[in-house]
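*Asks:* Predicted coordinates and the sequence they were generated for:
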Amino acid sequence: MDPIEQTAAPEEEKERALPEPSVQTDIPSLMESYADYFPIGAAVEPFQTTGLKAELLKKHVNWLVAENVMKPDAIQPAEGSFNWENADRIVKFAKESGMEVRFHALIWHSQVGAWFFKDADGKPMVDETDPGKRVANKKLLLERLDTHVRTIVGRYKDDIQSWDVVNEVIEPGDPGGMRASDWYKITGTDYIETAFRAAREAGGPDAKLYINDYGTDNPVKRDRLYELVKEMLANGVPIDGVGHQTHIGILGPTVDSIIDSMQKFSELGLDNLVTELDMSIYAWNDRRDFGADIPADVLKKQADRYRELFEAFKANKDILSGVVFWGIADDHTWLSSFPVKRTEAPFLFDKQLQAKPAFWAVVDPSKLP
Ligand code: GLA
């Protein structure tokens, strides 16, 4: 036998030894367990709306969000050319399954077509030095934004109530704590205001409009966001709530810091949502890869922390109106390639779609192994 085959054989055996994915029918439903508290959601790609993944979602969640297909570059890749097909698939699946959909994200600095930020001659607006042309560029960009928002909200307003209007506009490391995106460099904070006003006008009074960000537990970032939102509210900008992405890890941040942030925003009369929950099994600087065999103590630590987190969510249900995971099972997560490529396991269900200790920790801790 040549050496390559020798090393390949045990790997194949290991693959074969793994059970086929299946949906457990004899366990409680996550969303039903939380029916008295708040809806539970998951981010999905359109291909996950069929087959086993669809079954798992139908059993456990009553809210969906598009992981990618409603982002600016996916929906309007070129000016005036809207691509609804993938977004429609998610909306249709949700309707057929009795689930709600939330929209992510109308305006973001990432995954957005470069065309937004080019002038009529194709020149990047940020490079413009002529003051008159800068004024014209700002006007053009805000018009494009307005059209983007109104077209999308107009199309889905009867199907979607909850909207991430802007995503990740705060960056404490940038001047004034505002993310130095092209949006900001060209329009200042006017893009945020225009986006919320357009969403309200197109969506009507029942649309729930959120400003979404990560790291909202960090006091510096939280306070800059608070200051911005407070100022906008004073100017009549229609913001209904804060979306806390909540991409966290088994080691931090503290649950208290997550809840403190929600309490602070609720004092402004705002709603809170957990919009992108996942829990990495590694410390941020840890560059190991556990591979297929995640140590039991790591899964236990994850379960303990999920339990603490959901107990705090339940206790604060008055200021928190939904919890959305950024995925559903460990076979599909952006964390497998971020910040490095490695085996990740951030959810309540494993790669075979089986309930992990973390599932029991949030549904029925008495059943924890
Ligand atoms: C941010 C965005 C999400 C997603 C994640 C990682 O949190 O808001 O849309 O892109 O990053 O994939």
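*Replies:* Great, that's in hand.

*Asks:* Could you tell me which residues of the protein lie near the ligand?
*Replies:* Contacts of the chain with the ligand, taken as Cβ under 6 Å from any ligand atom, map to His104, Asn167, Tyr214, Gln245, Glu276, Trp334. Bear in mind the C-beta positions are built from the backbone N, C-alpha and C, glycine included.

*Asks:* Among those residues, which one sits closest to the ligand?
*Replies:* Using Cβ to the nearest ligand atom, Trp334 is the member of the residues of the chain next to the ligand that lies nearest the ligand, at 3.7 Å.

*Asks:* what sits against that closest one?
*Replies:* Trp334 makes contact with Glu67, Trp326, Gly327, according to Cβ atoms under 8 Å, 6 or more residues apart in numbering.

*Asks:* Please apply the same query to Ala207.
*Replies:* Taking Cβ under 8 Å, 6+ apart, one finds Val153, Lys157, Gln161, Trp163, Ala199, Arg200 in contact with Ala207.

*Asks:* Can you tell me how far it is from Trp163?
*Replies:* Distance of Ala207 to Trp163, computed by Cβ to Cβ, to the nearest Å: 6 Å.

*Asks:* Quick check: neighbours shared by those two?
*Replies:* With Cβ under 8 Å, 6+ apart as the test, Ala207 and Trp163 both reach Val153, Ala199.

*Asks:* can you pull the buried residues of stretch 258-268?
*Replies:* For stretch 258-268, burial by neighbour count (16 or more other Cβ atoms under 10 Å) applies to Ile258, Ile259, Ser261, Met262, Lys264, Phe265, Ser266.

*Asks:* So what touches it?
*Replies:* Residues contacting stretch 258-268 (Cβ under 8 Å, 6+ apart): 216-217, 222, 226, 229-230, 233, 241-242, 244, 246, 248, 272, 309, 312, 316, 319-320.

*Asks:* my guess is Gln161 contacts Ala94, does it?
*Replies:* No. Using Cβ atoms under 8 Å, Gln161 makes no contact with Ala94, being 11.9 Å away.

*Asks:* in its sheet, what does the longest strand seen in the chain sit against?
*Replies:* Of all the segments of type strand in the chain, defined by DSSP state E, the longest one is strand 271-280. Note on strand 271-280: by DSSP bridges, its sheet partners are strand 241-244 (parallel), strand 247-249 (parallel), strand 323-325 (parallel).

*Asks:* before we move on, back to that, which ones among the contacts of Ala207 map onto strands?
*Replies:* Within the contacts of Ala207, residues falling in strands by DSSP E are Gln161, Trp163.

*Asks:* which ones are touching the residue nearest the centre of the chain?
*Replies:* Geometric centre of the chain, nearest residue: Glu276, 3.4 Å, by Cα atoms, centre = their mean. Applying Cβ under 8 Å, 6+ apart to Glu276 gives the contacts Ala43, Tyr214, Gly243, Gln245, Thr246, His247, Val324, Phe325, Trp326.

*Asks:* And it, how close does it get to Glu193?
*Replies:* As defined by Cβ to Cβ, Glu276 lies at a distance of 24 Å from Glu193.

*Asks:* ok, now Asp260?
*Replies:* Distance from Asp260 to Glu193, by Cβ to Cβ: 27 Å.

*Asks:* Ser162 now?
*Replies:* 20 Å.

*Asks:* between those two, who's got more neighbours?
*Replies:* A side-by-side neighbour count of Ser162 and Glu193, using other Cβ atoms under 10 Å, places Ser162 first with 26 against 20.

*Asks:* who touches Glu55 in this structure?
*Replies:* Glu55 sits next to Val23 when contact means Cβ under 8 Å, 6+ apart.

*Asks:* that older thread, okay, the strands paired with strand 271-280 in CSV with mean pLDDT next?
*Replies:* Formatted as CSV, these follow (pLDDT from 0 to 100):
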stretch, mean pLDDT
strand 241-244, 99
strand 247-249, 98
strand 323-325, 99
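
*Asks:* how about those in TSV, adding mean neighbour count?
*Replies:* Listed next are the strands paired with strand 271-280 as TSV, based on neighbours: other Cβ atoms under 10 Å:
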stretch	mean neighbour count
strand 241-244	26
strand 247-249	19
strand 323-325	26
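
*Asks:* Of these, which is nearest Glu85?
*Replies:* strand 323-325 (23.0 Å; Cβ to Cβ).

*Asks:* Pull the residues that contact the closest one.
*Replies:* With Cβ under 8 Å, 6+ apart as the test, strand 323-325 has contacts from 34, 38-43, 61, 63, 65, 102, 273-278, 310, 313, 347-348.

*Asks:* Among the residues you listed, the buried ones, what's the PyMOL command?
*Replies:* Entered in PyMOL, the line below selects the buried ones among the contacts of strand 323-325, by 16+ other Cβ under 10 Å:
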select buried, resi 34+38+39+40+41+42+43+61+63+65+102+273+274+275+276+277+278+310+313+347+348
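
*Asks:* among the contacts of strand 323-325, which are in strands?
*Replies:* Using DSSP E, 40-43, 63, 65, 102, 273-278 are the members of these that sit in strands.

*Asks:* Taking those, tell me the two that lie furthest apart.
*Replies:* Arg102 and Asp278 (16.4 Å).

*Asks:* got the contact list for His109?
*Replies:* Contacts of His109 (Cβ under 8 Å, 6+ apart): Glu168, Arg179, Ser181, Asp182, Trp183.

*Asks:* Return the per-residue confidence for the second one.
*Replies:* pLDDT for Arg179: 98.
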